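In: sequence below, structure please.
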Amino acid sequence: DVTGVQTCALPIFEGAGGAPRERAEVTIQPEGRTELVLGTMNSGQGHETSFAQLLNTWLGVPFETVDYVAHDTKRVAAGGGSHSGRSMRIASIAMGEASDKIIEKGKDIASHLLEAARGDIEFSKGVFSVKGTDRKIGIYEVAKAAASNLKLPENLRGKLDGVGDHTVKVGAFPSGTHICEVEVDPDTGEVKIVAWYGADDVGLAVNPMILHGQTHGAVVQGAGQALFEHTQFDENGTMLSATFMDYAMPRASDMPSFKAELIEVPATSHRYGIRPGGEGGTTPSLGAVVNAVVDALSELGVKHVEMPVTAPRVWRLSPEGYLGFLRDVHRGRDTGIVQPFTASSERGIKDFSSETAIDEPSAEILVRNADLIVAAQSAHEIVDGKVRGKNDSLREFVELMEPDAAPSRAKLDAAIQLQFKLALARRADA
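Out: Numbering: from 1, shown residues only. A predicted model of the protein is given here:
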């Protein structure tokens, strides 16, 4: 096996898509529950946990009393949704505004109930109190009084609630660095991720465990796209990978144990210093994985690999696989790219060109003369860096293959020369 390591240091500008809006409605209910109505839904990010943590911090309500409503179109008036690193970053501002309004209204009510001046009322950890005294009242008691005490001013009766409606016009600036280490078996093309290290600046980690989980999931999503995921169509345009039975996705067994750290440098563009944290692993993982594979294969002269970096695609980059692939293309066999195609297929030439990073004219020559190239491998040898055999030089060999191919001959020379050099190097290693 050969090993490759790639560091991907990628600062990210996260604008969250235009000027997104989020609305939070928070209600302190007399029976001892807190309702949060929000427009961003949970799809695995743990909103029920992290949002409740914020309300517990700001309002002092018990974590387990928070009821999160985000799936009822009759209740949710507006919301930007959960995507583009916006859920916690934008929802926190809206929830903070709603909580501020609840505290201010609660102080007004408590001043009447405790018979104290409004300016003497303090709020901390879910309790309203009079400065310098032991007089106090809990937030749920205040909510109960607002709902039932007719002695309160009319403007203070009803629900103890608050609404935050916020549109974000300033982007966020998360950043991070991820390092991927892979092992590649050139004989089979198998790529295995053996180590992963990452560090992401999230501004403020409301729930570090959830953020670590999001980082891990994001890395797997990006690595899956880099290594496995591909939409396949037949010659009639019918999608062949339309279900998860046919669409390759990464599994836990494909990944190592991640070593990831969270960095907390508060964002100056956010009230609470929060930066997006859900996409930090996805963005760099594509480049980190593919470039690690290229690094591992650099000793074979490989400078580029198309995604997904599947085992057959990597195998074709070895001398044996490359020539075998040529032979299969020439004979119209299924190469596993899109569909079986013949040497005269324009689409087949383009696919081969894309696979091998060789220009299309040269690719066409290689495909049409695949059998000659494969046969010539055993009839030629490298002497002082040049192909020797029945022909005096590589150029004569190329001209024998395709006399009228002058426009593409230089790149073709280099391509074939490389293959013979690689074959010789592999024989020497063996």
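
In: for the stretch 1-150 of the chain, which spans come out with low pLDDT?
Out: 1-19, 84 (pLDDT under 70).

In: in it, which spans are helices?
Out: For the stretch 1-150 of the chain, the helices identified by DSSP state H, counting those that start in this stretch occupy 47-59, 87-113, 139-148, in order along the chain.

In: show me where the stretch 201-350 of the chain has its helices.
Out: Taking DSSP H, counting those that start in this stretch, the helices of the stretch 201-350 of the chain run over residues 208-227, 282-296, 311-315, 319-330, 346-356.

In: rank the ones you listed by pLDDT, which is bottom?
Out: Between the helices of the stretch 201-350 of the chain, the one with the least mean pLDDT is helix 319-330; it has a mean of 54.

In: ok, back up a step: can you redo the helices of the stretch 1-150 of the chain as TSV with distance to S129?
Out: Yep, even glycine has a C-beta here, placed from its N, CA and C like the rest. TSV is the format used below for the helices of the stretch 1-150 of the chain (distance: least, Cβ to Cβ, whole Å):
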stretch	distance to S129
helix 47-59	15
helix 87-113	8
helix 139-148	11
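
In: return the most buried member of the ones you listed.
Out: Between the helices of the stretch 1-150 of the chain, the one whose residues have the most neighbours on average, counting mean count of other Cβ atoms under 10 Å, is helix 87-113 (a mean of 22).

In: what is that one packed up against?
Out: Helix 87-113 makes packing contacts with strand 21-29, strand 33-38, helix 47-59, strand 121-124, strand 127-130, helix 139-148, strand 160-167 when contacts are defined by 3 or more Cβ pairs under 8 Å, 6 or more residues apart in numbering; DSSP states H and E.

In: out of the ones you listed, nearest to M95?
Out: Proximity to M95 (Cβ to Cβ) singles out strand 21-29 among those, at 4.5 Å.

In: in its sheet, what does the closest one sit against?
Out: The sheet places strand 21-29 alongside strand 33-38 (antiparallel), strand 160-167 (antiparallel), with pairing taken from DSSP bridges.

In: out of the helices of the stretch 1-150 of the chain, which is closest to G39?
Out: Evaluated over the helices of the stretch 1-150 of the chain, closeness to G39 peaks at helix 87-113, with 8.1 Å, by Cβ to Cβ.

In: ok and the closest one relative to strand 160-167, angle-wise?
Out: Using axes from the mean of the first three to the mean of the last three Cα atoms, to 10 degrees, the inter-axis angle of helix 87-113 relative to strand 160-167 is 150 degrees.

In: when you give positions from now on, start the count at 37
Out: Done: numbering now begins at 37, and the last item shifts to helix 123-149.

In: next, the angle from helix 123-149 to helix 83-95.
Out: Interaxial angle of helix 123-149 relative to helix 83-95 (the same axes, to 10 degrees): 40 degrees.

In: quick check: end-to-end length of stretch 103-118?
Out: Looking at stretch 103-118, the gap from its leading to its trailing residue is 18 Å under the measure Cα to Cα, to the nearest Å.

In: quick check: L322 vs G260, distance?
Out: Separation of L322 from G260 (Cβ to Cβ, to the nearest Å) stands at 10 Å.

In: hmm, who's touching stretch 155-164?
Out: Residues outside stretch 155-164 that contact it (Cβ atoms under 8 Å, 6 or more residues apart in numbering) are 95-97, 139, 142-143, 146-147, 150, 165-168, 172-175, 178.

In: go with 6 Å
Out: Judged by Cβ atoms under 6 Å, 6 or more residues apart in numbering, the contacts made with stretch 155-164 from elsewhere in the structure are 96-97, 139, 142-143, 146-147, 165-167, 172-175.

In: pick out the most distant pair among the residues you listed.
Out: So, those by Cβ to Cβ: farthest apart are V97 and K167, at 22.6 Å.

In: tell me which of the two has more neighbours.
Out: Looking at V97 and K167 with other Cβ atoms under 10 Å, you find the greater number of neighbours at V97, namely 24 against 11.

In: that one: what's its closest spatial neighbour, skipping adjacent residues?
Out: Nearest residue to V97 in three dimensions, chain neighbours excluded: T70, at 4.5 Å (Cβ to Cβ, 6 or more residues apart in numbering).

In: contacting residues around that neighbour?
Out: Applying Cβ under 6 Å, 6+ apart as the definition, the contact partners of T70 turn out to be 64, 97, 101-102.

In: same check on E61?
Out: Taking Cβ under 6 Å, 6+ apart as the contact definition, E61 lies against 73, 199.

In: what strand or helix carries G225?
Out: Here G225 sits in a region with no helix or strand, counting by DSSP states H and E.

In: ok, it touching L353?
Out: No - no contact is recorded between G225 and L353 when judged using Cβ atoms under 6 Å, the distance being 7.9 Å.
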